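# Next one to model:
(2 chains)
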Amino acid sequence: MAIISLIFTTGAGFLLIISSLLKIISLHESAKSVHKITFLPEKIAILLGYIFPFFELVLAVFLVLRVNDFFVNITAIIIISIFIIINSNAILKHSYAECFCFGKLMKSRMGMGGLIQSIFLFLSILPNIIYNNAHVLSLFSFNGFNFEYIALITVTTLWTLTLILIRISVDKLNALRT
Amino acid sequence: MHNQIIISLILIIVCYILLQCFTIYVLKNVRRVRSGPVLGETIKDLDIINVDQKKMKFSTLLNSQPKLMIFVDMDCTHCKSIIKSLNLFNNNVLKDVEFFTLNTKENLEELKERNITQNFYLLSEEDMLENLKVQLFPFYIEVDENNIVQKKGYASNNTIIEYLV
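Below is the predicted model:
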């Protein structure tokens, strides 16, 4: 289980790193968009919008390095659950507001794409809490640079790409539906 | 280690298969309407003219309310039957339904002849055909309070009733 958990957790961590960096690049706009997609009062939402990308980045780096595994995983699960709630709310209310989940570069909306992506993120991290063990591996726990290690990194990157592609395809497909 | 990498790959492939199934399901059921603005986009703030030939802005008409917009051509048979059905509803019911037609002399005269004074607006040819991409009539567009296109399609007599229900 250690390797499977390593692949999915690190893949999810890479995605969160990409998403937070893209948000930090267009920090001002992404901060403003938080008000539209949450139920919070405007001032708190904007403040949160400025802090959140940095928090997400730190969390994502911890996920990849697998520092303090149990605590980091619990925090990640809580944040991803919030993503799931916000996206479900958007679907129920039919308000697919633009979210700067991936900054300006990759335009995305709240809705089904976000919900499915969040559920996959949730499922990537949940097993770490259920099968919590002391022997935690990270991509940096290996010494040799052999075929297996390259395969490991490739599969991890594939998972990150999968998470991004699922989001984009479902978003685009939903736009087609009337 | 080998086995676990293989299991991970299989799980990723399963995700792609599910995505493919979803894609096929959506593409199979999609009723593609090429005309009209793109769903989920905001409609530009166009200049419109009311029956008294007063210029106004599209946003003032919307007044931050969800609206059903029906685009008609005064000559087409389907459009005529929809316009006729206007008489069946009272003004209160129709306050969120607006009709649009091309800004031509004939259309204006036709409106005056039929004694239509409310819910009708005139649009320039450029706005109708190019900005809104409405090229077939009757056509409907539903917008929400933020001016974002929620639904669109070819209108029928039932469009208004379905919207009101």
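
# Low-confidence bits of chain B, can you list those?
Residue ranges of chain B with pLDDT under 70: B:31-33.

# Can you classify the residue in it that chain A sits nearest to by secondary structure?
Per C-beta to the nearest C-beta, residue B:4 is where chain B lies closest to chain A, at 3.6 Å. In this view, the C-beta of every residue, glycine as well, is placed from N, C-alpha and C. Three-state assignment for residue B:4 (DSSP: H, G, I helix; E, B strand; the rest coil): helix.

# and the residue nearest to it when sequence neighbours are not counted, how many neighbours?
Nearest non-adjacent residue to residue B:4, counting by C-beta to C-beta, 6 or more residues apart in numbering or on different chains: residue A:3, 3.6 Å away. Applying other C-beta atoms under 10 Å in any protein chain shown, we find 18 other residues in the vicinity of residue A:3.

# I'd like the distance from residue A:3 to residue A:121, if you could.
19 Å (C-beta to C-beta, to the nearest Å).

# circling back to that earlier point, neighbours of the residue of chain B closest to chain A, just the number please.
Residue B:4: 17 neighbours (other C-beta under 10 Å).

# in terms of contact, does it touch residue A:2 like I think?
Yes - Residue B:4 is in contact with residue A:2 according to C-beta atoms under 8 Å; the separation is 7.5 Å.

# Tell me which residues touch the residue of chain B closest to chain A, please.
A:1, A:2, A:3, A:4, A:7 (C-beta atoms under 8 Å, 6 or more residues apart in numbering or on different chains).

# tell me the contacts of the last one?
By C-beta under 8 Å, 6+ apart, the contact set of residue A:7 is A:152, A:155, A:156, A:159, B:4, B:5, B:8.

# what helix or strand does the second one sit in?
With elements taken from DSSP states H and E, the one containing residue A:155 is helix A:147-176.

# Go through that helix and flag the buried ones.
By neighbour count on 16 or more other C-beta atoms under 10 Å in any protein chain shown, the buried set for helix A:147-176 is A:151-152, A:155-156, A:158-160, A:162-164, A:166-167, A:169-171, A:173-175.

# near chain B, from the residues you listed?
Near chain B, taking C-beta under 8 Å from any C-beta of the partner chain as the test, the members of the buried residues of helix A:147-176 found are A:151, A:152, A:155, A:158, A:159, A:162, A:166, A:169, A:170, A:173, A:174, A:175.

# Minimum pLDDT in those residues, which residue is that?
Across these, the smallest pLDDT goes to residue A:175, namely 76.

# so it touches residue B:41, yeah?
No - in this structure residue A:175 lies outside contact range of residue B:41 using C-beta under 8 Å: 9.4 Å.

# what sits against the residue nearest the centre of chain B?
Nearest to the mean C-alpha position of chain B, by C-alpha atoms, centre = their mean, lies residue B:141 at 0.8 Å. Contact analysis of residue B:141 by C-beta under 8 Å, 6+ apart lists B:36, B:37, B:43, B:68, B:69, B:71, B:132, B:134, B:149, B:151, B:152.

# Quick check: the gap between the residue of chain A found nearest chain B and residue A:17.
Using C-beta to the nearest C-beta, residue A:3 is the residue of chain A that sits closest to chain B, at 3.6 Å. The gap separating residue A:3 from residue A:17 is 21 Å, by C-beta to C-beta.

# Also residue B:62?
Using C-beta to C-beta, one gets 41 Å for the distance from residue B:62 to residue A:17.

# same deal with residue A:113?
Look at residue A:113 and residue A:17: by C-beta to C-beta, they are 19 Å apart.

# Then residue A:61?
7 Å.

# and those two? which has more neighbours close in?
Using other C-beta under 10 Å as the criterion, residue A:61 and residue A:17 rank with residue A:17 on top: 18 against 15.

# The more buried one is in what secondary structure piece?
Secondary structure from DSSP H and E places residue A:17 in helix A:2-25.

# Return the set of buried residues in that helix.
A:3-20, A:22-23.

# How far away from the center of its chain is it?
Relative to its parent chain, helix A:2-25 has a centroid offset of 6 Å by C-alpha atoms, centre = their mean, to the nearest Å.

# immediately after the helix or strand bottoming out on mean pLDDT in chain A, which helix or strand?
In chain A, no helix or strand scores lower on mean pLDDT, DSSP states H and E than strand A:98-99, which sits at a mean of 78. Reading on from strand A:98-99 to the C-terminus, the next helix or strand found by DSSP H and E is strand A:108-109.

# which helices and strands sit right next to that next one?
Using 3 or more C-beta pairs under 8 Å, 6 or more residues apart in numbering or on different chains; DSSP states H and E, the elements in contact with strand A:108-109 are strand A:98-99, helix A:147-176.

# Let's have those in a markdown table, adding distance to residue B:162.
What follows is those, written out as a markdown table (distance: least, C-beta to C-beta, whole Å):
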| stretch | distance to residue B:162 |
| --- | --- |
| strand A:98-99 | 28 |
| helix A:147-176 | 21 |
